[in-house]
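In: Fold the following and give me the result.
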Amino acid sequence: MLRNLLAALACLLLAAPGASAQDWAPKMFNTLSHDFGTVARGSKAEYRFQMKNVFEEDARILDVKSSCNCTAPHITKSLLKTFETGEIVAEFNTRDFQGQRSATLTVKLDKPFTPEVQLRVTGFIRTDVVLQPGAIDFGNVDFGSAAEQKLQVTYAGRENFIISDARSAEPYFEVEVTEKARGGGRVAYDLLVRLTKDAPIGYIKDQLILVTNDQKAPELPIAMQGRVVPDITISPTKLFVGVVRSGETMTQNLIVRGKKPFKILEVKCQDPSFVINPSRDAKTVHLLRVAFTAGEKAGRVSETISIRTDQSDTSLETVTAFAEVVKAERSSTRASRRGADESDEPNDQ
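Out: Below is the predicted model of the structure:
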C-alpha cells in the first residue's frame, strides 16, 4: 500500500513540470487566434502574434510549423530574455489559394521547458477581386515630407461592380479612386494613396477599406504601412539594461544617428540611478553609454531619457530605459552561516 502511494506521488511530481510548462508558454502571447476576414486575391495579408517573456528564465523558440501551405509562419526573434518581445508572423498566401482557408501554427519551445503552443488563423480569399501590388508600402519617409503609392483593383464578374468610397481610420491618408475600365465582365480601378506631411514619426500600419456595392462582401481591406523617419533617430527606443542585483552596476548602449553631423547638447534623466555621459563632438553617429546602479529596493525601475541636439530645439523623449532589480544576498548572512557551520565541527583540543 505504501509502495503504491509513493509511486503515485512520484508520478505527480514528474508530471507537474510538464503541466506547468504547458500553462507557462501561452501566457507570453497576446492572443492565440486571428481572423483575416475576407481578402482579395494577391493582397498582402499577414498577422503578427506578439510575444513577451514575462518570466525570469530565458525563453527560446525552437521551431514553428503550419498545418497548411496557405499560411507561412516565421520567427522574428528566437531567444527572448526577461521582458524582451518577439513575434510569430503568419503570412496568408492569397496568390496560390482561394476560398475559406485556415491553419494551425505549432510553436515549439526548448527553453526553459519543452512545451508547444498552437496559434490558429483563418480567412476567406476572394477570386473575383485582384490587387496589384498586394499592399500599399510607403517605405521610409522623411518627417515633414509627403509620399504616394499607386494600386490597381481588378474585378471579374458583374459589370455593375462599383467602388463607392475608400476609408481610413487615420487622417494623414488621402485616396483618389479612378475608374479605368468597365466592360466584358471586367471592371478596373486605379488608386492613388497619399501619406500627408503631417504624418507622425514612427511605424505606420493601417488598413484602407474599399466600400463596394457587393452585398456579400461590401468592404475590402488593403494593408498600408510605412515608416516616418525623423532627422535624428535613437535605437533602441526601449532599452532593457538587465537584471541587476542591489548595489551592482550594469551598462548598455544607445545609438543616436543623424543624416548629417550633429552635437548632443543635453541628456536629461531624473533618476540618479541612470548615468549617461554624452560626447560633445559633432558626428553622424553617437554611442551613448547608459550605466544603471541598482538600489536596495527590488522590482522594476523605469526612466525616460530626454536627448536634445543642435538639430532641434525640442527634446526627444521617446527613449525608455528600464531594469529589474533583485535583492543581493547579504555578506553578513553568509558569514553567520559560515560561523554556524564552524561551530558545529568537533573540537580536537
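
In: Please make it C-alpha for all contacts and neighbour counts, starting now.
Out: OK.

In: Tell me where the stretch 1-150 of the chain is predicted with low confidence.
Out: Scanning the stretch 1-150 of the chain for pLDDT under 70 picks out the ranges 1-22.

In: All the strands of it, residue numbers only.
Out: Taking DSSP state E, counting those that start in this stretch as the criterion, the stretch 1-150 of the chain carries its strands at 33-41, 45-52, 59-66, 71-75, 79-80, 85-92, 99-111, 116-132, 136-142, 147-156.

In: can you check the stretch 151-300 of the chain too?
Out: Taking DSSP E, counting those that start in this stretch as the criterion, the stretch 151-300 of the chain carries its strands at 163-167, 173-183, 186-195, 202-212, 219-229, 232-235, 238-245, 249-262, 264-268, 274-276, 283-293, 299-309.

In: For the fifth one, name the packing helices and strands.
Out: On a contact count with 3 or more Cα pairs under 8 Å, 6 or more residues apart in numbering; DSSP states H and E, strand 219-229 meets strand 33-41, strand 136-142, strand 202-212.

In: Give me the nearest residue to Pro278, chain neighbours excluded.
Out: Nearest non-adjacent residue to Pro278, counting by Cα to Cα, 6 or more residues apart in numbering: Leu288, 5.8 Å away.

In: How about Thr309?
Out: Ile264 (4.4 Å).

In: Asn277 is in contact with that neighbour, correct?
Out: No: here Ile264 does not reach Asn277: they are 10.3 Å apart, not a contact under Cα atoms under 8 Å.

In: Which residue of the two possesses the greater neighbour count?
Out: The neighbour count for Ile264 versus Asn277, taken as other Cα atoms under 10 Å, is higher for Ile264 (18 against 12).

In: ok, that one - contacts?
Out: Ile264 is in contact with Pro278, Ser279, Arg280, Asp281, Ala282, Ile307, Arg308, Thr309, Asp310, counting by Cα atoms under 8 Å, 6 or more residues apart in numbering.

In: In contact with Gly183: list those residues for me.
Out: Glu159 are the contacts of Gly183 under Cα under 8 Å, 6+ apart.

In: Nearest to Gln149, out of the strands of the stretch 151-300 of the chain?
Out: Gln149 sits nearest to strand 186-195 of all the strands of the stretch 151-300 of the chain, at 5.4 Å, using Cα to Cα.
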